[in-house]
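1. build me a model:
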Amino acid sequence: MAIPKKICGIPFPLAVAAALVLAYVWIYGRATFLVWRMKKEAAENPMLAMVPVPLSDHSISTAPGTTVAEFGYQFEVPWKMNEPKRENSLAIFESQSGEEIVIFWDPAKKQGFVRTMKDSLGIPIKDMAQLYGAQTIQSSYDFDRALLNTTPSQLTYILPGKKVVRTAVLLMLKPLGTLDAQTGLYSFETDHLRGFQNGDPKKTKTVMVEVFDAQDHEFQFAFGNRSYPKGDLTQADINRFLQTLRPAPASPDSKPTAN
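-> Next comes the predicted model:
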């Protein structure tokens with residue numbers, strides 16, 4: 001069969017090329033626009049290329065301190081603490097020196113992205129799996145890990161199918177997970193906890209810590225150093241907290257007690 005020289009008056013090679021372009025736009029047009037948009041955003045926000053690195057400092061402070069309990073959980077900090085203050089769904093702990101501060105969000109109010117979509121918004125698991133991938137939504141920790149490890153380099157204009165769309169959507173959400181991470185983004189794991197830390201206490205005034213236990217309960221803390229860079233907040237102080245965070249014994253008295 002002879003190949004036609006023209007289709008609708010258009011030279012055959014040009015007509016084929018045009019048909020391919022139209023097919024691409026029809027199938028992948030929206031995805032291509034999303035990739036273009038996120039690459040443009042990445043050029044303006046270098047934080048999107050940042051991924052967590054394992055904490056290398058595993059030292060634990062042994063200084064005398066305080067065990068504090070709130071929201072059914074307890075942890076240790078290497079400072080003498082004032083009575084905690086509650087404001088809505090968070091508790092604020094301040095050292096007696098006034099230099100250090102710890103903010104603890106009520107874990108009962110922290111659902112995580114996956115549980116929020118499923119329980120609060122009523123989005124079926126199969127729909128979430130279709131968009132984000134089955135591995136990504138196995139737990140709130142898995143979702144946050146996937147989110148923080150997504151980078152613009154994973155985007156491509158070549159046949160941007162579901163995987164690339166998924167990457168673009170995660171990149172759109174990533175700024176929420178990299179707040180206060182300009183000085184460092186870290187991952188960590190203890191015997192009973194795992195999570196992420198935004199910020200290096202040597203380089204910033206505020207460090208955010210997001211923690212998940214074996215049951216995928218989510219905890220969020222902020223460590224503040226009011227007199228930075230002259231303050232004493234160290235990674236060893238934060239590590240002591242991470243090593244000692246656990247459910248508090250049932251007790252009618254949840255006030256801080258000195259060690």
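
2. please make it C-alpha for all contacts and neighbour counts, starting now.
-> Noted.

3. any weak-confidence spans in the stretch 1-150 of the chain?
-> 1-31, 120-121 (pLDDT under 70).

4. now do the strands in it.
-> For the stretch 1-150 of the chain, the strands defined by DSSP state E, counting those that start in this stretch occupy 6-7, 10-11, 53-54, 66-70, 73-77, 85-87, 90-94, 100-105.

5. now those in JSON lines, with mean neighbour count and distance to P124?
-> Supplementary listing: those in JSON lines, determined by neighbours: other C-alpha atoms under 10 Å; distance: least, C-alpha to C-alpha, whole Å:
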{"stretch": "strand 6-7", "mean neighbour count": "12", "distance to P124": "47"}
{"stretch": "strand 10-11", "mean neighbour count": "12", "distance to P124": "48"}
{"stretch": "strand 53-54", "mean neighbour count": "13", "distance to P124": "33"}
{"stretch": "strand 66-70", "mean neighbour count": "21", "distance to P124": "34"}
{"stretch": "strand 73-77", "mean neighbour count": "21", "distance to P124": "32"}
{"stretch": "strand 85-87", "mean neighbour count": "12", "distance to P124": "34"}
{"stretch": "strand 90-94", "mean neighbour count": "18", "distance to P124": "30"}
{"stretch": "strand 100-105", "mean neighbour count": "20", "distance to P124": "28"}
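
6. between those strands, which one is closest to D144.
-> strand 53-54 (14.0 Å; C-alpha to C-alpha).

7. that closest one pairs with which strands?
-> If you go by DSSP bridges, strand 53-54 pairs up with strand 185-189 (parallel).

8. dump the strand it pairs with to CSV, keeping only the CA atoms.
-> Below are the C-alpha coordinates for strand 185-189, written out as CSV (Å, rounded to 0.1, in the frame of the first residue of the first chain):
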residue,chain,number,x,y,z
LEU,A,185,16.5,18.3,57.4
TYR,A,186,17.1,15.1,59.3
SER,A,187,15.7,11.7,59.9
PHE,A,188,16.1,9.6,63.1
GLU,A,189,15.0,6.3,64.6
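
9. so for that strand, what's the average pLDDT?
-> Averaged across strand 185-189, pLDDT comes to 96.

10. to the chain's geometric centre, what's the distance from that strand?
-> Its chain's C-alpha centre and that of strand 185-189 lie 11 Å apart, by C-alpha atoms, centre = their mean, to the nearest Å.

11. got the contact list for that strand?
-> 50-55, 178, 194-199 (C-alpha atoms under 8 Å, 6 or more residues apart in numbering).

12. dump the strands of the stretch 1-150 of the chain to TSV, plus distance to Q130.
-> What follows is those, written out as TSV (distance: least, C-alpha to C-alpha, whole Å):
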stretch	distance to Q130
strand 6-7	39
strand 10-11	40
strand 53-54	28
strand 66-70	38
strand 73-77	36
strand 85-87	39
strand 90-94	35
strand 100-105	31
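
13. is it possible to mark the buried ones in the contacts of strand 185-189?
-> Neighbour counting with 16 or more other C-alpha atoms under 10 Å marks M50, V51, P52, L55, T178, R194, G195, F196, Q197, N198, G199 as buried within the contacts of strand 185-189.

14. mind listing which of the residues you listed are in helices?
-> If you go by DSSP state H, those have nothing in helices.

15. ok, which stretches of the stretch 1-150 of the chain are helices?
-> With DSSP state H, counting those that start in this stretch as the definition, the stretch 1-150 of the chain shows helices at residue ranges 12-44, 112-115, 125-132, 140-148.

16. could you check the angle the last one makes with helix 125-132?
-> Between the axes of helix 140-148 and helix 125-132, defined by axes from the mean of the first three to the mean of the last three C-alpha atoms, to 10 degrees, the angle is 20 degrees.
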